[in-house]
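S.K.: here you go, sequence then predicted model.
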Amino acid sequence: MGERVEVADDVGEPSSREKILDAAELLFAQRGFSGVGMREVAEAVGLSKSSLFHHFRSKVELYAAVAARILSVFEERTAEALTSPGDAFVRFDRWLEAMIETLAERPSRARLLLRSLFEDDDLAGESEEEKEVDEIIHRLFASVGRMLREGMEQGLFRLGSIPHLLQSLIGLLVYHFASGEFGETLLRQSLFSPAAVRKRKEEVKALLYCGVLAEPLRARVRTDVES
């Protein structure tokens with residue numbers, strides 16, 4: 001028998017589909033796509049395997065649905081952060097806060113996202129569900145890329161490669177919360193406590209402001225911090 005997964009229920013009884021996605025997210029985050037079977041997911045939510053296949057026709061569909069649900073949260077919060085008032089720097093700062101808070105809310109999110117980068121051999125990317133995931137990623141990166149380009153054009157950010165900067169942001173934001181026991185051993189504390197999350201925000205912003213902001217804005221931020 002697989003391990004029974006407890007499912008959080010903050011606003012009422014979740015649907016069977018949500019229970020399945022919650023359980024699958026935890027299992028896939030722990031062991032990746034190839035390390036989890038459909039029977040194990042079914043047992044984790046107290047369903048028969050046939051009932052599970054009623055909701056998801058294949059493991060690929062289930063995995064893609066889990067990934068899409070996670071990415072949709074990031075897309076929604078990115079839209080909130082980037083469409084609210086403010087210049088590119090204000091929106092960038094707000095976006096960093098939102099991404100760190102979203103990763104810190106559920107440890108499984110960062111681990112699954114990091115693992116998904118190495119699942120290419122098992123996932124061909126040809127199903128409709130996988131294409132939906134690709135579309136969310138494209139929209140997400142496009143919106144962040146537009147904000148970065150606007151900041152460069154306004155002279156707020158130093159000129160540089162936006163694809164390289166996006167790569168750096170993914171590593172800086174996602175890896176930390178996916179590092180698990182290794183990260184907690186290095187920092188000698190939980191990665192997810194409120195104090196640790198606040199400290200992570202400070203460290204990420206300090207590092208990025210040195211590397212991303214143009215000198216006039218960097219000097220202004222330094223003055224604000226020191227005053």
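M.R.: Good, I have the coordinates.
S.K.: going forward, measure contacts and count neighbours with C-alpha atoms only.
M.R.: Noted.
S.K.: from residue 48, how far off is residue 54?
M.R.: With the distance defined as C-alpha to C-alpha, to the nearest Å, residue 54 ends up 10 Å from residue 48.
S.K.: alpha carbons only: can I get stretch 130-140 in CSV?
M.R.: Output of stretch 130-140 as CSV, limited to C-alpha atoms (Å, rounded to 0.1, in the frame of the first residue of the first chain):
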residue,chain,number,x,y,z
GLU,A,130,1.6,19.1,-22.0
LYS,A,131,1.0,21.8,-24.7
GLU,A,132,-1.1,23.7,-22.2
VAL,A,133,1.8,23.7,-19.7
ASP,A,134,4.1,25.0,-22.5
GLU,A,135,1.6,27.8,-23.3
ILE,A,136,1.4,28.9,-19.6
ILE,A,137,5.3,28.9,-19.4
HIS,A,138,5.4,30.9,-22.7
ARG,A,139,2.9,33.5,-21.4
LEU,A,140,4.6,33.7,-18.0
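S.K.: give the buried residues for it.
M.R.: Judged by neighbour count (16 or more other C-alpha atoms under 10 Å), stretch 130-140 contains these buried residues: 130, 132, 133, 134, 136, 137, 140.
S.K.: which helix or strand contains the first one?
M.R.: Read that as residue 130. For residue 130, the host element (DSSP states H and E) is helix 128-153.
S.K.: figure out how far that helix is from the centre of its chain.
M.R.: The offset between the C-alpha centroid of helix 128-153 and the centroid of the whole chain comes to 13 Å, using C-alpha atoms, centre = their mean, to the nearest Å.
S.K.: got it, and stretch 22-30?
M.R.: 14 Å.
S.K.: can you check stretch 201-211 too?
M.R.: The gap between where stretch 201-211 is centred and where its chain is centred comes out at 18 Å by C-alpha atoms, centre = their mean.
S.K.: flag the shaky bits of this protein, pLDDT-wise.
M.R.: Counting by pLDDT under 70, the chain has low-confidence residues at 1-13, 120-122, 125, 225-227.
S.K.: so where do the helices sit in it?
M.R.: When assigned using DSSP state H, the helices of the chain occupy the ranges 16-31, 38-44, 49-55, 59-83, 88-105, 107-116, 128-153, 162-170, 176-178, 180-187, 194-212, 215-226.
S.K.: re earlier: relative to residue 100, which of the buried residues of stretch 130-140 is nearest.
M.R.: residue 140 (15.4 Å; C-alpha to C-alpha).
S.K.: thought the closest one was touching residue 76?
M.R.: No: in this structure, residue 140 is not within contact of residue 76 by C-alpha atoms under 8 Å, at 9.1 Å.
S.K.: counting neighbours, which bits of stretch 27-35 end up buried?
M.R.: 27, 28, 29, 32, 33.
S.K.: which other residues reach it?
M.R.: Among residues not part of stretch 27-35, those counted as contacts by C-alpha atoms under 8 Å, 6 or more residues apart in numbering are 36, 41, 63, 108, 109, 111, 112, 115, 116, 119, 122.
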